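Engineer: pasting the sequence and the predicted coordinates here, then a few questions.
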Amino acid sequence: MKKNNTLLKNIFNVLFPVISALILGGIIIAAIGENPFLTYSVMIKKSLFSLDGLLKTLHFAAPLILTGLAIAITFKANIFNMGVEGQAVLGAFFAGVVGFTVKGLPPVLHITLCVLTGIVVGMLFALIPALLKAYFNVNEMVVTLMLNYVVVEIVKFLSQGVFKDPASGYVSTYPIAESAMFKKIFGSNLTVFFFIALIVFGIMYIVFNKSKLGYEVKAIGKNPEFSEATGMNVSKKIIIIMLISGAISGLAGAGFLMSEKYRFTLDFSGSPGLGWDGMLIALLGSHNPVGILVAAVFYAALKTGSDYIGVFTNVPKDIVGVIQGILILLLSVKFFNEKFYLFEKVKLLWKKSSSTDFNK
Amino acid sequence: MYAIEAVNLTKKYGDFVANDNINLTIGKGEITAIVGENGAGKTTLMNMFFGLQRPTSGELLVNGKKVSFGSSLDAINCGLGMVHQHFKLVPSLTVFENILLGVEKNKKINISQKIKLKTPIINKNFEKKEVQKIIEDYKFELKADDIVENISIGAKQRVEILKMLYRNVDILIFDEPTAVLTPQEVDELLLSFKELKNQGKTIILITHKLREVMEVSDKVIVIKRGKVVGSKATKDTSSAEIAKMMVGREVILNVSKEDKDVSGNKVAYSVSKLSTRDNFGKKVIEDISFEIKEGEILGVAGVEGNGQSELVRVLSGLMESTEGSVRLYDKDITNKWPSSLRSAGIGIVPEDRYAQGLCKDMTIFENIIAGYHGNKKVCRNGILLKNEIENTSNKLIEKYDIRVAEKNGNVSQLSGGNAQKIIVAREFDSDPKVLIVSQPTRGVDIGSIEFIHNKILELRSENKAILLVSSELSEIMNLSDRIIVMYKGRIVGEVEGRKADSTEIGLLMAGLSLE
Amino acid sequence: MSLLNNILYDMIYHSAPLILAVLGGLFAHKANVLNIGLEGMMLMGAFSSTLFVLITGNLWLGILISVLCTLVLGLIFSFFGITMKSNFIITGFGINIFVAALSSFVLKYMEMANINVSSIVNTAGLKISIPVIKDIPILNSLLSGHTAITYLSIILIAVVTVIMYNTKFGVYVRVVGENEEAARSVGINSAAIKYIAVLIGAALCGLAGANLAVERMALFTNNMTAGRGFIAIAAIYCGQAKPIKSAMYAILFGLAKSLAINLALFAGPASGLFEIVPYLMIVIVLFAVSAIEKRRTNIRGFKLE
C-alpha cells in the first residue's frame, strides 16, 4: 500500500516535469511562429512509430543508457562527477586512435582492444578527481568540470596535429579500420554495442539493487558520517565508484565512436554532449537503473526525432536542448511529497519563513 | 492578572498530540518551573509561547491580553523572550553584533542641526558602547567585542539573555538552561535568576533537574505526555513528589547490580597516553590512559565538551590520534579504521545516534546490518542475501523488543528509544569482546533506559569489557565499576563505582581538584 | 608594448569577468546557497547583451536589458532553489544547459553562426585611458586603457567588502549562512536575504557576460564563457568567500589565462596546449588549498554538506 503510493509519487514527480517541459518547449516553438503539435508529432512518429525509427532510437539510446548509469552511480553517492562528458570524449578519442593505428587484427580482437582502451582511459581520467576527493577532500565537481575543458583542448590539439586526417575537409582524425567497427545488424541501425549497453545495464541493475556496493553507495549518499562509522571506508568507496563511473563513460564514448561516428571530430559528443544528456537521464530515471533505461530511450527518441523536424518545419533541432534545460530545472524540485500535496506545498511557501514548524 | 495564561492550549502533529488542553498560569514577577521528562511536551509548549509554533486550538493570554503570535518577533514585541537550549548565536560575529542582530544602529551624518542623513553603514563603535553599558547594568561578566565562537558556553548563554533583555522583554523563558553548564556556572545562573527577579522580571524555567527547581522556583508545573499533571507552590512540595508526578510511578533508577571482583581478570582493553588535536591545533584529549578488565564497566564522567566526544571518536576510528596507543588484549589497534575495529571484536554505540549510528533515510533492515553487512552470514560474493537479512533483523527486533509500525519502513519513523535499540541490538548481538558505549540513553524513554541498562549489565556478566561514556552522572554511577572523570581533555580523577559520591565527582567535573 | 606589459594588461582584461562573477557569487555562497548557475547567467549576459545591442542598436540599452535577462534567470533559480527547496546543484546545471541551448537555438533560428555587432559597437572606442596613469610604465598596463565594466569590477571589490562587513545586509547575509535559526529568531527574513544575494550575483554575471561579449569583442559565439562561471566558483571556494581574497584568486586565474595566451606565441605548434593552463591551474590551486585544510584535521571521513 505504502510502497505503491511511493511509486505513484515518483512517477508523478517525473511525469509532471516532462509534460511541463514539453508545454514550455511548445510555447517557445509557437513563439517563433511554428506549430508545436506538428513539431512534436513529427518527432515521435519518426522515432517511435516506425520500425526503422525505433531501431535508430534504440541505437542512439545505447551511449545514453551508459552515461546515465555513469552519472547515477556517483550522484547516488552524493558525488558530483561532472566529468562523465570528458571521460566519454577521451575514451572515444583513444579508442579511435587504437582503431586506426592498429591494423590487421581480426574484428573481434580489434573491437575488444578498442573498447578496452576506451574503458581504461575513462577510468584513468576519473581517477584524478577521485584521488583528489578521497584523500584531500578537493571539491570533485569543480575539478571534473575543469578537466572537461582540459579534455576539449587536448583532443583538439591532437586531432589538429598528429592524428589529423589530411583527406578530410574539416578537423577530424583518421577513420577507424573496418575491423574496429560495430557492424549494423541485418542492415538495421542497431549494432552489437546496444546489446553491450544492455549487458552493462543488467550488471548495474544488480550492483544498484542487490550488492553490498550498491548498499554502501546508497548509505554514503544519504549519510557519509554514518557510512564511515559503520566501517564502509568512504574514501576507498569513492575511488571505486568513480572508477566504475569512468569505465562506463569511457565505454559509452568508445562505443558511440565505433558504432556511429567512426572517426573523431570536434563535435563528436554533440551539443550539449553525451555526459550532459546522461545527467538528464539519470535525473529522469531517479538514479534507478530501470528508470534510466526508460529515460534513455525517451530522450534518444526526442533526439532522433529532432533530426527530422527540420524537414517539415522551420524549428531548429536545438529545441531539444532547450527542452532538456527546462526539464533539468523542473526535475531539481520534488513537486509531490508523500501525500501529493502539491498545492499545500506552494501555499506553505508563501507563508513567512519566520514561523518554523518543526517536523517533530 | 497573570503574566501568561494558557487556556485549553492544544498542539497536534498529524495524529500525535504533543500538547493536550494545557491550562496554566504564570504569575508576574515569579520564577515558575515547568518540569517533565524528555518528550513530555515542554518544548512544544514553550515554542507556542514564543511564537515558533502555532497552537492547533486554545488561547494564549499575555498580561491579560489575548495574543496570537505569527513569529518569535511578535512574541518579543509582546515582552516575551526565550533563551534556547541550543543558542541562536552567530559564531563569527562579536558579542555586541549578536546582541544587536536585527536592530543594528546605522551611522548618521549631521548635515545641519535638524537634518540627519542615515547612511547604510553600521556604527560599530556606538553599538559596542551601548552593549557594554547594558552588560554593566546587569553586572554580567562579558566583553562586548569578543568573538562569540571564542567565549565559554556560560558566556554564550549570557549573550542570549542580554539579547532578550536589550529588547526590553519582561518575561524570560529558559529552555533547559543548565544542561550544558558546569556545576559552578549553574550556581551563577541561578544567582542571576534571583537578580532578574529582583528587577521585576518574570522567569519561566523549563528543566528536568529537580535541584534547580527546588532552589530557585516559586511555583512548579509538571507536564506528562502533553498534559498538565500537577501545579504547586514550590514551598509546599518536595523533589520526591515532583519526581513521582513526572513519571507517574515511584522511580528507583537504581538497577540491581551485583558486585563482583574483577581484579583477577585479564585486561581486555587498554589505552595508553592517547592524545589528539582539533582543526585549530589545540589538544582536545591529552595523555589519556586507562585499562578495562573482562567483565568490568568503566564509566567516563564529565561535563559535556571536555573531550569525551573526541575520545570516543578516536576509539571508534573516526578520528586519528596524534600520540599514544590502544590495545585489544595483546593486539595493537591504534588508529585502525572502523571496519577493522569491528572485525577485531569491538562494538560501538556512537554518541550521535542519527549522525553516526543510524541512517534515518534507510530502512530498518538496512540499518540493522550496517557495520556487519560484509559478514558471511548476510553477504556472499558481494551480493546481499535478502532473506537472511530479514530473518536476522526480525530475530533482533523481537529479542530487543523494538517497536516498529512498519518493518519495511525507514528508521525515521521510530521513536528515539526504539531507534537507539536498533544500534544496541546491532552492536550487542555481534558478540563483541569490548563495547564502547556513548550516551546510550540520551533522549530515550524510561522504559528503554531500563532495558538498555539491563542489557549493558547482561554483557558485563558475560565477561565483556565495557567503556561507558555519558553526561548523565546518575547513569555512570549506577552502572560503572570504576569511574574516571574528564576535564579539559584530561583524566582528572578516578573513583571506585561502589564508593562514588556525586559531590566528589561533581568537584572533579568542575576541575576543582586540580588546584 | 613589451611582453610584460602585455601580460599585465591581459591579466586585468581576463580577470574582469571573473572578478564580477566572483563578487556576485560570493553573496549567495555566504548565504549558503551554492549557485552553480553562474556560468549560465554569464552566458545569458553575453548572449542577451549582444542580441539586444543588435536589436536596439544601442550599446548601453543592450547591456541594461541583458542585466534584466540575467535577473530573470536569478529569479528562476531563487524560486526553485530557495522557495521550492530544490537541489541547488541540479537547478544550477539546469540554468546552464538551458541558456546554452537557448542561445544556440536562437542563433540557428536566425540562421547566424554568431552575433556580430561590430558595426554598432566600436570596441576600440570603449577603452578609456586614464590621464597621468597612462604615462606611468607598468601601472599603465594595469590601470589604463580598459573598458568601463572592467574599471567597475575593480571598484566593486572595495564596494562589496564594505557591503559585506559594514552594512546590515552584509551582516544578515553572513548570519543567514551561518545560523539561519538565529536570523529567523530576530525576525530576519532569511528567504528574502537569499533571494537578494542570488539576484546580486545574477546582475553581476550579466555585466560579466556583457563585458566578455559586447564590450570587448562586439561578438557572441556559442558557449563563449567557456567555464568562467565555474572558475569563479573555484575562486570563491579558495578565497573562503571573502571579497578581497576571492577577487585575488580571480586575478590569479586571469594571470594564468594571460600567461597562457602570451607565452603560447612562443610555443609554435604546441601553442594550442597552452589553453589548458588556466584550467589545470585551478585544479592545482584547489588541491593545494584543500590539502592544507585536510592536513590540519584529524577527523576521518566526510560530512554531508
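Structural biologist: The structure has been received and is ready for your questions.
Engineer: can we go C-alpha only for contacts and neighbour counts from here?
Structural biologist: Fine.
Engineer: what's the neighbour count on the residue of the stretch 151-300 of chain B found nearest chain A?
Structural biologist: In the stretch 151-300 of chain B, the residue that lies nearest chain A is residue B:226 (13.6 Å; C-alpha to the nearest C-alpha). If you count neighbours by other C-alpha atoms under 10 Å in any protein chain shown, residue B:226 ends up with 22.
Engineer: and the pLDDT for it?
Structural biologist: Looking at residue B:226, its pLDDT reads 85.
Engineer: next up, the contacts around it.
Structural biologist: The contact partners of residue B:226, by C-alpha atoms under 8 Å, 6 or more residues apart in numbering or on different chains, come to B:17-20, B:22, B:40-42.
Engineer: is the nearest residue to it once chain neighbours are set aside bridged to anything, and to what?
Structural biologist: Using C-alpha to C-alpha, 6 or more residues apart in numbering or on different chains and skipping the chain neighbours, the partner closest in space to residue B:226 is residue B:19 (4.2 Å). When bridges are taken as DSSP bridges, the partners of residue B:19 come out as residue B:11.
Engineer: neighbours around residue B:19, how many?
Structural biologist: By the measure other C-alpha under 10 Å, the count of residues near residue B:19 is 26.
Engineer: touching, it and residue B:8? I think so.
Structural biologist: No: the pair residue B:19 and residue B:8 does not pass the contact test of C-alpha atoms under 8 Å, sitting 9.4 Å apart.
Engineer: all helices of the stretch 101-250 of chain B, in order?
Structural biologist: B:124-137, B:153-166, B:183-198, B:210-216, B:239-247 (DSSP state H, counting those that start in this stretch).
Engineer: now do the shortest one: which elements does it pack against?
Structural biologist: When contacts are defined as 3 or more C-alpha pairs under 8 Å, 6 or more residues apart in numbering or on different chains; DSSP states H and E, helix B:210-216 packs onto helix B:183-198, helix B:239-247.
Engineer: now do 7 Å
Structural biologist: In this structure, helix B:210-216 packs against no helix or strand, with contacts taken as 3 or more C-alpha pairs under 7 Å, 6 or more residues apart in numbering or on different chains; DSSP states H and E.
Engineer: buried stuff in it?
Structural biologist: B:210, B:212-214, B:216 (16 or more other C-alpha atoms under 10 Å in any protein chain shown).
Engineer: and these as JSON lines, adding pLDDT?
Structural biologist: As requested, the buried residues of helix B:210-216 are arranged in JSON lines below (pLDDT from 0 to 100):
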{"residue": "B:210", "pLDDT": "75"}
{"residue": "B:212", "pLDDT": "82"}
{"residue": "B:213", "pLDDT": "85"}
{"residue": "B:214", "pLDDT": "86"}
{"residue": "B:216", "pLDDT": "89"}
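Engineer: okay, the contacts of residue B:226 in TSV with distance to residue B:169 next?
Structural biologist: Putting the contacts of residue B:226 into TSV (distance: C-alpha to C-alpha, whole Å) gives the following:
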residue	distance to residue B:169
B:17	30
B:18	27
B:19	25
B:20	28
B:22	24
B:40	27
B:41	24
B:42	21
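Engineer: pick out the lowest-pLDDT one from those.
Structural biologist: Minimum pLDDT across the contacts of residue B:226 falls on residue B:40, with 75.
Engineer: quick one: contacts for that one?
Structural biologist: When contacts are counted by C-alpha atoms under 7 Å, 6 or more residues apart in numbering or on different chains, residue B:40 is found next to B:223-226.
Engineer: any idea which of those residues has the most stuff around it?
Structural biologist: When neighbours are counted as other C-alpha under 10 Å, the busiest of the contacts of residue B:40 turns out to be residue B:223, with 25 neighbours.
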